[in-house]
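Asker: structure for this input, please:
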Amino acid sequence: MAAMKRADAVAYAKNHWFRPTDDNLVWAKSFAINVVTLKASLLAKKKVEADWEPVFLRKIATDVSTGTPGEADGLYFVDPAHVGTKFLEKDIPASDRFLAHDWFGTAGVPGSPGGLNDCTAYVSHCLVAGGVTYLGPSSPGDVWPTRGAQQIYNLLSERPATQVKRLTNMAGEADVELVFKALAHIVKPGDVLTFARNGRNGHCGMLVTVDSTTGDARMTCHSTLDHADLPGEGTWQIRTTPEHPFVSVLHFSHDDPPLGALTALAGWWTVTMGSSTYYYFLLQGGGCRWVSKKPTGAGAPGSPKGRGHWFAGTTADSIVIAWESGTVDEVTLAADKKSFTGKENRTAALTGAVGVA
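Answerer: Numbering: from 1, shown residues only. All right, here's what the predicted structure looks like:
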């Protein structure tokens, strides 16, 4: 895979977050909605005008099984005067809009086969626009293949670390927030988040803004509830719901700062936290492993307790180790680069010494 063009991925997102992707398909949970065909049908029924365009608008959707209302998106056709300027149903006169497909579909209940479910297809379109390979159709005109959150998680996780690094693997919200803070200089727009429960991913989004100092990030997922172009919207944290509370961060690594002379740190380190001792193995390529039992071999452990990636910090004498569990170590190296001090998750003090002690 060539270097990802982050700006192109974000540009596609900004152009399509409120309307269908350029294949004219919007995916429900069990079928595709072709907006060209749908518009022709609605024109024949005189429900819409010839120049109206398909968009998503925020509305109040009611779960008919409980009577509970809530904000959600619907697929509408609207007068072109409102396209890209108004994103709430209530802000467009009824005479200028038509609801073509509701959030819950015709059944009106969560999880129904007709409910809108287009987020992963949209995110994968954004990534393909940014040059990411093997997510789109193999031949022009084929149906878009990457449509499930678990599917995109698998496809990206399987790539070598020179292309994609999984910074967290189904970690809790608070842990992921710390990872973003510690790696604010690493995580960038175009990186992907998936959201899971019980080991299964059910939602997907792509980052569109990241504050390189604080790590504050905003994402998009084909919804008016998730895009930074709307004031106050797009925080990834709103998606860590009971439905899918655990977050994986899939980071495109082609533009990571080189480790340079820090590659000399590769090998075993003995790390102490309180009364506990752990053994870290740093790989020259930026991967890392840890074990709790004192190693006997010089090479990387084959069955570690945990895996992660390590990065150059924001100063010449610092590194950041992000474990896939969501734990993050920020450490400062001694002048001789043979020991370090730091903190885990910004609270627990830790020390490290080169080699196995």
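
Asker: how many other residues sit next to residue 270?
Answerer: 18 (other Cβ atoms under 10 Å). (Glycine included, C-beta is placed from N, CA and C.)

Asker: quickly find the element holding it.
Answerer: Element membership of residue 270, judged by DSSP states H and E, is strand 267-273.

Asker: so for that strand, what gets flagged as buried?
Answerer: For strand 267-273, the neighbour count (16 or more other Cβ atoms under 10 Å) marks 267, 268, 269, 270, 271 as buried.

Asker: and the second one, bridged to which residues?
Answerer: Following DSSP bridges, residue 268 is listed with bridge partners residue 281.

Asker: can you give me the distance of it to residue 303?
Answerer: Using Cβ to Cβ, to the nearest Å, one gets 16 Å for the distance from residue 268 to residue 303.

Asker: what does the fourth one give?
Answerer: When Cβ to Cβ is the yardstick, residue 270 and residue 303 sit 19 Å from each other.

Asker: show me where this structure has helices.
Answerer: Secondary structure of the chain by DSSP state H: the helices cover 6-16, 35-44, 119-129, 149-157, 173-182.

Asker: quick check: which of those is buried the most?
Answerer: Stretch with highest mean neighbour count among the helices of the chain: helix 119-129 (a mean of 25; mean count of other Cβ atoms under 10 Å).

Asker: correct me, but residue 52 touches residue 82?
Answerer: No - between residue 52 and residue 82 there is no contact under Cβ atoms under 8 Å: 9.6 Å.

Asker: about what we covered before: the strand holding residue 270 - contacts with which helices or strands?
Answerer: strand 276-282, strand 348-354 (3 or more Cβ pairs under 8 Å, 6 or more residues apart in numbering; DSSP states H and E).

Asker: show me the beta-bridge partners of the residue most central in space within the chain.
Answerer: The chain has residue 193 as the residue nearest its centroid, 1.6 Å off, counting by Cα atoms, centre = their mean. In this entry, residue 193 is beta-bridged to residue 205, residue 249, by DSSP bridges.

Asker: thought it was touching residue 207?
Answerer: Yes - with contact defined as Cβ under 8 Å, residue 193 reaches residue 207; the gap is 7.0 Å.

Asker: anything in contact with each of those two?
Answerer: 219, 236 (Cβ atoms under 8 Å, 6 or more residues apart in numbering).

Asker: about what we covered before: comparing residue 52 and residue 82, which residue is more hemmed in?
Answerer: Legend: neighbour count by other Cβ under 10 Å for residue 52 and residue 82, higher for residue 52 (22 against 19).

Asker: let me see the confidence value for that one.
Answerer: On pLDDT, residue 52 comes in at 98.

Asker: who's in contact with it?
Answerer: 39, 77, 78, 79, 80, 98.

Asker: quick check: closest non-adjacent residue to it.
Answerer: Nearest non-adjacent residue to residue 52, counting by Cβ to Cβ, 6 or more residues apart in numbering: residue 77, 4.2 Å away.

Asker: I'd say the one you found and residue 97 touch.
Answerer: Yes - counting by Cβ under 8 Å, residue 97 is a contact partner of residue 77 at 7.1 Å.

Asker: overlap in contacts of those two?
Answerer: Contacts common to residue 77 and residue 97, judged by Cβ under 8 Å, 6+ apart, are absent.

Asker: which stretches of the stretch 101-250 of the chain form strands?
Answerer: 164-171, 192-197, 200-210, 217-220, 246-252 (DSSP state E, counting those that start in this stretch).

Asker: can you list those strands in TSV and add distance to residue 230 and mean pLDDT?
Answerer: Compiled in TSV, the strands of the stretch 101-250 of the chain are given as follows (distance: least, Cβ to Cβ, whole Å; pLDDT from 0 to 100):
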stretch	distance to residue 230	mean pLDDT
strand 164-171	26	98
strand 192-197	18	98
strand 200-210	12	97
strand 217-220	10	95
strand 246-252	22	98
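
Asker: what's the distance between residue 65 and residue 188?
Answerer: 41 Å.
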